[in-house]
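**Student:** 3D model of this:
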Amino acid sequence: MASSLLTTTLAWLSVAGFVTGTLALYYDERVSRLVTAVTWGVFGVFWGTLVPQFWFVGSSFIEAGLALLALPLCLYTGYLLLDGRDSLFVLSRAVAVMGAIYLPATTLAFIYEPLIRTVFVQTRWFIELLGHSPQVVESELGIRNVFLFVQPNGHRILSQIELACTGIGSMAIFAGLIAAVDAPLDRKAKAFLVSVPVIWALNLVRNIFIAIAFGEQWFQLFVPQVLALFGQSDPYYVSFLVADKILSQSASVVALIAIMLATLRYLPELKTVIVDLLYLVTGDEHEFDFGDPPGRGGVRADGGQPDEE
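**Tutor:** Residues are numbered from 1 along each chain as shown. From the prediction side, this is the model:
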């Protein structure tokens, strides 16, 4: 409970800091730089507190590894911003928007409950369309968002649609990136259409696949090995681990890369963020040519449009 409270507090402090730093940039660059740099440090500690949850509770070595990596990268980002790497203001603006979308959706019941219900109803419709008929039961949230599959031997398997199943995290990331760069609204709208709705659709496919694979026990192979890998003991849980933690999460990485490439076709300005992220990881500068925006001759280092001659 204390850890959850700490994580939530750090999340709200991070969002407030990034939003404050973004707004301060319009009035005093030095204040904005200092506030944003300190917030990156807070944001890094936030990710650090999530490592045990991802590993021990969520049984996700991918998410735990990424969270562990995020801690030093966030601290390094704050240092580089203080050191004068102005292009990082674009990434900071993106995180501000991401947080402003994601955090309320994960902490305010009047937002996340309708979101979960909507995703559940759509997932259920397609599951039944495919010829499966699980029962629907109520979760601890007090809403009907759990599929109940009954095995031939009478064993009951519950597959719940949670907030993480809505894709809100990935959608917030792309919404933040699109909002952060300086580009015409028509190209931003096109970038939005090839990212956020596509993520929603692919997430439904993911939910349908996991629910059926788990409920029908599709992947009961290498049971001892899978249980040992994830530190679990319930053999019925193996199909969920394979379907979600191995297959779906791996496919999600590939899908998000493809969606990013599609988004870059309409917003080459986002290459600023990619260059910065690669610099944070490798320490080297990289140049990419995704094509200049229509009617423009390039992109400024801060993600904006080049000055007219």
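**Student:** and this protein, what are its domain boundaries?
**Tutor:** Per automatic domain parsing, the structural domains of the chain span 1-85, 109-309.
**Student:** tell me where the model's unsure across this structure.
**Tutor:** 1-3, 58-59, 288-309 (pLDDT under 70).
**Student:** 80 instead?
**Tutor:** Applying pLDDT under 80 to the chain flags residues 1-4, 55-62, 283-309.
**Student:** for it, which segments are assigned as helices?
**Tutor:** Assigned by DSSP state H, the helices in the chain fall at 2-24, 29-52, 61-82, 88-107, 109-129, 168-180, 185-193, 196-215, 223-230, 238-240, 249-266, 271-282.
**Student:** contacts for the third one, please.
**Tutor:** It stands for helix 61-82. 33-34, 36-41, 43-45, 47-48, 50-51, 54-55, 58, 88-89, 91-92, 245, 249-250, 253, 280-281 (Cβ atoms under 8 Å, 6 or more residues apart in numbering). Placement of C-beta: from N, CA and C, glycine included.
**Student:** in ChimeraX, how would I select just the buried ones from these?
**Tutor:** Of these, the buried ones can be selected in ChimeraX as follows, counting by 16 or more other Cβ atoms under 10 Å:
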select :33,34,36,37,38,39,40,41,43,44,45,47,48,50,51,54,55,58,88,89,91,92,245,280
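**Student:** got the CA coordinates for the strand ranked longest in the chain in PDB?
**Tutor:** Longest strand of the chain, by residue count under DSSP state E: strand 144-150. Extracted in PDB, the C-alpha atoms of strand 144-150 (Å, rounded to 0.1, in the frame of the first residue of the first chain):
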ATOM      1  CA  ARG A 144     -19.100  -6.800 -15.400                       C
ATOM      2  CA  ASN A 145     -15.700  -7.000 -17.000                       C
ATOM      3  CA  VAL A 146     -14.700 -10.700 -16.400                       C
ATOM      4  CA  PHE A 147     -15.000 -13.600 -18.800                       C
ATOM      5  CA  LEU A 148     -15.700 -17.000 -17.100                       C
ATOM      6  CA  PHE A 149     -14.600 -20.100 -19.000                       C
ATOM      7  CA  VAL A 150     -15.400 -23.500 -17.600                       C
END
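**Student:** out of the domains of the chain, nearest to M98?
**Tutor:** M98 sits nearest to domain 109-309 of all those, at 3.4 Å, using Cβ to Cβ.
**Student:** do you know how far C165 is from C74?
**Tutor:** 26 Å (Cβ to Cβ, to the nearest Å).
**Student:** what do you get for Y279?
**Tutor:** For Y279 relative to C74 (Cβ to Cβ), the value is 14 Å.
**Student:** who has more neighbours, these two?
**Tutor:** Ranked by neighbour count (other Cβ atoms under 10 Å), Y279 and C74 place C74 first, with 23 against 18.
**Student:** count of neighbours near the closest residue to Y102 other than its chain neighbours?
**Tutor:** Closest residue to Y102 apart from its sequence neighbours, by Cβ to Cβ, 6 or more residues apart in numbering: A172 at 4.0 Å. Around A172 there are 23 other residues, counting by other Cβ under 10 Å.
**Student:** OK, contacts around A172?
**Tutor:** Shown in contact with A172 (Cβ under 8 Å, 6+ apart): 97-99, 101-102, 105.
**Student:** do the same with I178
**Tutor:** Residues in contact with I178 (Cβ under 8 Å, 6+ apart) are 188, 191-192, 195, 263, 267.
**Student:** ditto for F149
**Tutor:** 134, 156-159, 214-216.
**Student:** in space, what's closest to A211 - neighbours in sequence excluded?
**Tutor:** S159 (4.5 Å).
**Student:** cool, E216 as well?
**Tutor:** Among residues not flanking E216 along the chain, F149 sits closest, at 6.8 Å (Cβ to Cβ, 6+ apart).
**Student:** do V45 as well
**Tutor:** Among residues not flanking V45 along the chain, L10 sits closest, at 5.9 Å (Cβ to Cβ, 6+ apart).
**Student:** check T36 too.
**Tutor:** Of all residues not flanking T36 in the chain, G21 sits nearest, at 3.4 Å (Cβ to Cβ, 6+ apart).
**Student:** next, count neighbours for that neighbour.
**Tutor:** With other Cβ under 10 Å as criterion, G21 counts 25.
**Student:** cool, A191 as well?
**Tutor:** A191: 24 neighbours (other Cβ under 10 Å).
**Student:** what's the answer for the one 4 residues further on, then?
**Tutor:** Residues contacting S195 under the criterion other Cβ under 10 Å number 24.
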